[in-house]
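A predicted structure for the sequence below; I have some questions about it.
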Amino acid sequence: MTRSADRFALIASSAVGILLFVVAVAAQAPQAPATPPAQPPAGQAPAAGRGPAPAPGTESGWATFQGQCVGCHGVVTPIGNAPMTWAIRQMTPERINAALQGKVHHERTLTDIQAQRVAEFMGGRPLGSKDKGDAKDMANRCTSNPEMSDPAQGANWNGWGNTQANTRFQTAAAARLTAADVPRLKLKWAFGYPNGMTSNAQPTVASGRVFVASDNGYLYSLDARTGCVYWSYQQGSIVRGGPVLGRVSGQGSARWAVFVGDGHAYVHAVDAQTGRALWKVRVDEHPVARITASLAYHDGRVYVPVSGSEEFNAGQVDYPCCTSRGAVVALEANTGKEVWKTYNVDEPKPWKKNPNGVQLYGPSAGGIWNAPTIDPARGALYVGTGDAVTPPESPLTDAVVAMDLKTGKVLWSYRAVSQDLFMGGCNGPTRSEACPSPMGPDFDIGNSPILVTLPNGKQAVFAGGKNADIYALDPDQNGKLLFHVNPLGATPGTFGRGGRGSIVWGGASDGQRVYYGTGAGGLSAINAEGGSVWQFTAPGLSGRGNAGLGAAPTAIPGVVFEGATDGQLFAVSAADGKQLWQFNTAQPFETVNKVMARGGAINTSGAVVVDGMVFVGSGYAISAGASGGNVLLAFGVD
């Protein structure tokens, strides 16, 4: 009961041989921009090769592919007999890497490590992870698999924001952790992702279990107290968002499913009790469509945000920029059947050509990098949208968009920034005609809107921009702007990214205040009227380039947890921002499953607090200069 890549199998099988032939030709295309060296996680040797290594993980290889491979491998239309991009993406990273390291290796300009990164992006996971990630081979298998209790009952953290409103707030009863307890937090156990390179996906905790995935192509179910592993499910591609649990029927003995989206734009439904596959659906056919964020579950439906990787290096002259579009897809939870799909950009059409004859397309992009926020009372969901890549700009880019839960119809939108056409790869000696002029500031609304119930009983939708601005909108007046503030003291709408701060991955709210990690600006707290309450700047981080507090914060009564790009996890007082606790996750760890592991940057997903324990993944290394890792950490109080 799957809609998978079966129809591509024959083409993908024959494509390896063709790929060997075209590698030498592809190497003559302009080279992708270099990226800084990065270290692999503990236990994983660096790949052989020459020159600096691109950033670890499965991300950076796409920029190289755009710069050196698309001259032969068509993205929109075929080029000769070479396999198209979508066909290569159906192969395993091992097969792609073998082709790139094969008999024409001496004729190409790709270094060994660049070839590995290309294989890992196109295949969707690190080399070798399929054979090493299975739970059956782990030293800490749980001795039994008792029947799960109802995930909706008792203490839990389900999905990105814990609540459907994406507040990232845990009540005192469910947290069972107070401000007085926090200074006594100690590491209880660590779990290593075999062959993982960049740990980003946030865990979901329910029924005494932790459900978590990573870049190694596996989803795991662990015991929350001990870290023993109940089961693993191989989805085959990176998962960057957290799993979400929901009820299902008509699937045999399965009562609850775990839903995850992966780097190939597939949604997987897995029996939460056993790890048995229930269904698998691809929600977008674009070659580099992906699901970056967590899904949302409500009333028998799964809501899926769709983004893409196309703009990374799209300014290369051989690249047919651009055809990807952001979207939200609603699926039936029981079957995976599509109910509706709403794009926030019109269908791309040809608009001009590069001097070398490469066709260009527009409009495009507006990716949705965040988990949908569900508002059952208004029958709506809210998402933040990314920038436009090629014109004409859609009014639904760089915006907060409300959609009807039943039909997907756009109910209202608030556009934070206009004239924001942006793409990478436009700073080399040759530029595509698609390169915007002027280049936009890249001020996405990349984080999940937060539906906040204010002290006066009214509700507002909050969202943050990459210029560190915060917007509060009235959901009862079609998204009318209530206020627009910059907590770092800049004039709203004018503060440039790369200065003092940027809001990328999200915020939290306890109903009294709203908290946002602002990168180099630190952690900011504002009140319900938009007034700045306090700023927390992590000790030792100021003045260190991109270092800062950019991960999504997590709030419990009296405490806010926030991760840093250097791997520090902080807990600060919600009242005044004073530091309560600190732990360095960027170090090697002895793990319960005997996998060599280390932590690194905490830069997207935040901490999860349930039943007296704090869980956090460490090692997000997508951005240049960040430190990779492959570990999930669990803290508790003795």
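Sure thing, it's come through. As the structure is a computational prediction, the values presented were derived from the model and not from experiment.

measure L451 to A174 for me?
As judged by Cβ to Cβ, to the nearest Å, L451 and A174 stand 19 Å apart. The C-beta positions use only the backbone N, C-alpha and C, and glycine is treated the same way.

Comparing these two, which residue is more hemmed in?
L451 (24 against 19; other Cβ atoms under 10 Å).

Burial check on the closest residue to G522 other than its chain neighbours, number of neighbours?
In space, and not counting its chain neighbours, G522 is closest to T537: 4.0 Å by Cβ to Cβ, 6 or more residues apart in numbering. T537: 16 surrounding residues under other Cβ under 10 Å.

Pull the contacting residues for T537.
Residues near T537 by Cβ atoms under 8 Å, 6 or more residues apart in numbering: 521-523.

Need the pLDDT of it.
Predicted confidence (pLDDT) for T537: 92.

Tell me the spacing between it and R141.
Taken as Cβ to Cβ, the span from T537 to R141 is 44 Å.

ok, back up a step: let me have the contacts of T537 in TSV, extended by pLDDT and distance to G550.
Listed next are those as TSV, based on pLDDT from 0 to 100; distance: Cβ to Cβ, whole Å:
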residue	pLDDT	distance to G550
G521	89	9
G522	93	10
L523	96	10
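
Please pick the buried ones from these.
521-523 (16 or more other Cβ atoms under 10 Å).

So what's the residue count around S249?
The number of residues packed around S249, counting by other Cβ under 10 Å, is 10.

distance of it from N334?
Going from S249 to N334 by Cβ to Cβ gives 6 Å.

what's the answer for L451, then?
27 Å.

dump the residue contacts of G263.
By Cβ under 8 Å, 6+ apart, the neighbours of G263 are 58, 124-125, 237-240, 290-291.

Sorry, slip of the keys, the one I care about is N593.
N593 makes contact with 138-140, 191-192, 194, 227, 229, according to Cβ under 8 Å, 6+ apart.

low-confidence ranges in the protein?
Flagging of the chain using pLDDT under 70 yields the residue ranges 1-58, 102-108, 495-500, 541-547, 623-626.

What ranges does it have for its helices?
9-26, 61-68, 85-88, 93-100, 112-123, 129-132, 172-175 (DSSP state H).

Can I get the fourth one in PDB, CA atoms only?
Spelled out, that is helix 93-100. What follows is helix 93-100, C-alpha atoms only, in PDB (Å, rounded to 0.1, in the frame of the first residue of the first chain):
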ATOM      1  CA  PRO A  93      24.100   7.000  -2.100                       C
ATOM      2  CA  GLU A  94      26.400   4.000  -2.300                       C
ATOM      3  CA  ARG A  95      25.500   3.500  -6.000                       C
ATOM      4  CA  ILE A  96      25.900   7.100  -6.800                       C
ATOM      5  CA  ASN A  97      29.200   7.400  -5.000                       C
ATOM      6  CA  ALA A  98      30.500   4.300  -6.800                       C
ATOM      7  CA  ALA A  99      29.700   5.800 -10.100                       C
ATOM      8  CA  LEU A 100      31.400   9.100  -9.200                       C
END
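
just checking, what packs against that helix?
helix 9-26, helix 112-123 (3 or more Cβ pairs under 8 Å, 6 or more residues apart in numbering; DSSP states H and E).
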